[in-house]
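[1] build me a model from this:
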Amino acid sequence: MFFSFLGVLLSLLFFFKKKGDRFANILLAIYTFLFATELLNNSLRWSGLIKTEKFVHLNLIHFPLWLVYGPLVFIYVRRVISKTAFKITDILFLVPPLVLMGLLFPFYTLSTMNKLNVVNNEKTFDYILLPSYGIWIIIAFMFFYGGYTYFSFWKNRGIGFRENNWLKWFVGCYFGFVFAFTLYIFLITFQLMDPKYDYFVDIIIVLFIGMLAFFGFVQPEVFEGKSIKEVLPFKKYRKTGLSKALSLEMKNKLIGLMENKKLFLNNELRLTHVAEALNLSRNHASQIINEHFNLSFFDFINQYRIEEAKKLLSGNSRRERNTIEQIAYDVGFNNRASFYKAFKKFTGEVPTKYMDETELVS
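    Numbering: from 1, shown residues only. Down below sits the predicted model:
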């Protein structure tokens, strides 16, 4: 009940939150409110109050919510990353929960006295059309939404290292919730846990929902420049001993190493080599790249390689197209596939198309 009450307060906080995107905050408010509703339902069930005349109609109202959380997470992440407004096609996300509500409809429409009789005699599932395997279909949908959300945005060209880390943590918290929920269903279905102890699993779910709410709350800070490790309460870069002045000095030194010495041309280049060149530890070298350039190590190196490749491709005629693979090796890539993948990521097109376009311009 406490966490349910806390969820309602948190949803109000998100709803009236001024910092960040208004629409995204409302989505997160709806998410936390619905979860608070589910926790309330569980609390009433554990206390036995769900079987009383006052609360009997709250039975099974949380079932459709299981198919709403995932779409809310997807629309929220899409909004945060690509600033996409609500689409008419998003209505399709309502189809699964509406179908589930239809399967539960015979129970929902029972009168108060009939419902009390059904619930107290444990005949609830005699009045719903959901098959025994239906819960596993619901779980499959929940996992699908999580995977669909992450793989829809993790390759987004506009998303940097910080934002990608935030995405992993945010969607990871949703996956944690789904996994805990799946564990609960598995333990109950195969009678490996007494249902009266299922609140232990709910405590785990509360933890993941709380983490998800936290990452939703700090999202503006991440997307406005702070690294994910700066906003994590349990892991911060300031504890690494790298001062701001030294950090800026090393940033400039790193740029010099890339632009003047062109370390990126070495196809065996690793973070360890860069750290040695900067006379820093691997952790500090990684911090410099992540904080100042908002890129992972390999994206940072590949960005320089692609810029170098663009110069070489601009002077590469149509007759010399077979040298593209050689250019890939010349700028530091080990194979054609990784070159094409990185080129497409940073330019939005393949090398051959880029070469044709530059040739037409010239």
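
[2] my guess is residue 77 contacts residue 168. True?
    No: if you go by CB atoms under 8 Å, residue 77 and residue 168 don't touch, sitting 11.2 Å apart. In short, each C-beta sits where N, CA and C put it, glycine included.

[3] who has more neighbours, the two?
    residue 77 (24 against 15; other CB atoms under 10 Å).

[4] what residues does that one make contact with?
    149, 152, 153, 167, 170, 171 (CB atoms under 8 Å, 6 or more residues apart in numbering).

[5] pLDDT score assigned to the last one?
    Per-residue confidence for residue 171 comes out at a pLDDT of 94.

[6] quick one, what contacts it?
    73, 77, 146, 149, 150.

[7] please apply the same query to the second one.
    Shown in contact with residue 152 (CB under 8 Å, 6+ apart): 74, 77, 78.

[8] how near is it to residue 78?
    Per CB to CB, to the nearest Å, residue 152 is found 7 Å from residue 78.

[9] and what of the last one?
    Using CB to CB, residue 171 is found at 12 Å from residue 78.

[10] residues that sit against both of those two, list them.
    Looking at what touches both residue 171 and residue 78 (by CB under 8 Å, 6+ apart), the common residues are residue 149.

[11] check residue 139 and give its pLDDT.
    We note a pLDDT of 97 for residue 139 in this prediction.

[12] sorry, slip of the keys, the one I care about is residue 333.
    94.

[13] excluding sequence neighbours, find me the nearest residue to it.
    With sequence-adjacent residues excluded and distances taken as CB to CB, 6 or more residues apart in numbering, residue 333 is closest to residue 339, at 4.1 Å.

[14] tell me which helix or strand the one you found sits in.
    Assigning secondary structure by DSSP states H and E places residue 339 in helix 336-347.

[15] report the buried residues of that helix.
    338, 339, 340, 342, 343, 344, 346, 347 (16 or more other CB atoms under 10 Å).

[16] show me what contacts the third one?
    Spelled out, it's residue 340. 350, 351.

[17] for it, give its distance to residue 297.
    20 Å.

[18] please state the offset of the helix holding residue 339 from the chain centre?
    24 Å (CA atoms, centre = their mean, to the nearest Å).

[19] helix or strand right after it?
    In N-to-C order, the element after helix 336-347 by DSSP H and E is helix 351-361.

[20] per-residue confidence averaged over that following helix?
    78.

[21] distance from the chain centre to it, please.
    On CA atoms, centre = their mean, the centre of helix 351-361 falls 36 Å from that of its chain.

[22] go on, stretch 65-72?
    Distance, centroid of stretch 65-72 to centroid of chain: 14 Å (CA atoms, centre = their mean).

[23] go on, stretch 48-67?
    The answer for stretch 48-67 is 30 Å, by CA atoms, centre = their mean.

[24] what about it, start to end distance?
    26 Å (CA to CA, to the nearest Å).

[25] what's the burial count for the residue lying closest to residue 79 once chain neighbours are set aside?
    Computed as CB to CB, 6+ apart, the closest residue to residue 79 that is not its neighbour in sequence is residue 24, at 4.7 Å. Residues lying near residue 24 (other CB under 10 Å) number 22.

[26] could you look up the SS state of residue 24?
    helix (DSSP: H, G, I helix; E, B strand; the rest coil).

[27] numbering from 7 from now on, please.
    Got it, first residue is 7 now, which makes that one residue 30.

[28] list the contacts of it.
    82, 85, 86, 222, 225.

[29] and which of the contacts of residue 158 is nearest to residue 69?
    residue 80 (20.0 Å; CB to CB).

[30] ok, the closest one - contacts?
    Residue 80 touches 99, 151, 154, 155, 158, counting by CB under 8 Å, 6+ apart.

[31] list the buried residues in stretch 198-207.
    Residues of stretch 198-207 classed as buried by neighbour count (16+ other CB under 10 Å): 199, 204, 207.

[32] scratch that, stretch 158-178 is what I was asking about
    Residues 159, 165-173, 175-178 are the ones in stretch 158-178 that count as buried (16+ other CB under 10 Å).

[33] swap in stretch 224-236?
    224, 225, 226, 227, 228, 229, 233, 234, 235, 236.

[34] wait, the fourth one sits on residue 238?
    No: between residue 227 and residue 238 no contact is recorded; they are 11.0 Å apart, counting by CB under 8 Å.

[35] which one is the spatially most central residue of the chain nearest to, not counting chain neighbours?
    When CA atoms, centre = their mean is applied to the chain, the residue found nearest the centroid is residue 177 (2.9 Å). Distances taken as CB to CB, 6+ apart place residue 156 nearest to residue 177, at 4.5 Å, with adjacent residues excluded.

[36] so the one you found makes contact with residue 175?
    No: with contacts counted by CB under 8 Å, residue 156 stays clear of residue 175, the gap being 11.0 Å.

[37] circling back to that earlier point, the residue nearest to residue 177 sits in which helix or strand?
    Going by DSSP H and E, residue 156 is part of helix 140-159.

[38] buried ones in that helix?
    Judged by neighbour count using 16+ other CB under 10 Å, the buried positions of helix 140-159 are 141, 144, 145, 147, 148, 151, 152, 155, 156, 159.

[39] how close does the second one get to residue 43?
    As judged by CB to CB, residue 144 and residue 43 stand 17 Å apart.
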